[in-house]
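> return a 3D structure for these sequence lines:
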Amino acid sequence: MSEINASAVPKMKVTDLRSELAKRCLDTKGLKQVLVDRLSAALESGGSWRKETAYNMADSTLVEEIHESNTNTI
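Now for the predicted structure:
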């Protein structure tokens, strides 16, 4: 996941905002200003979430894991 400059968030397109929110497992619904506020809050908190999808090679099933990038939280 590439780093996003917080000052660039308001200039982003709605599709890009939704994509970045989805990468963090955050709600992607709402008007542009709602999406901007949500992504800005996530960036400010420093605890961005990311979702990784991988295939389990042993039985060919899809495995999804959610990781917290910020490990300094309790």
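> show the pLDDT at Ser19.
For Ser19, the pLDDT comes out at 95.
> what comes up buried for whichever strand or helix holds it?
Remark: Ser19 resides in helix 14-23, with elements defined by DSSP states H and E. For helix 14-23, a neighbour-count test (16 or more other Cβ atoms under 10 Å) marks 17-18, 20-21 as buried. Where C-beta positions appear, they are placed from N, C-alpha and C, glycine not excepted.
> can you add distance to Glu44 and give these back as TSV?
Below are the buried residues of helix 14-23 laid out as TSV (distance: Cβ to Cβ, whole Å):
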residue	distance to Glu44
Leu17	15
Arg18	19
Glu20	14
Leu21	14
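> returning to what we had before: give me the angle between the helix or strand just after the helix holding Ser19 and helix 14-23.
Where DSSP H and E defines the elements, the next helix or strand beyond helix 14-23 is helix 32-45. Calculated by axes from the mean of the first three to the mean of the last three Cα atoms, to 10 degrees, helix 32-45 forms an angle of 40 degrees with helix 14-23.
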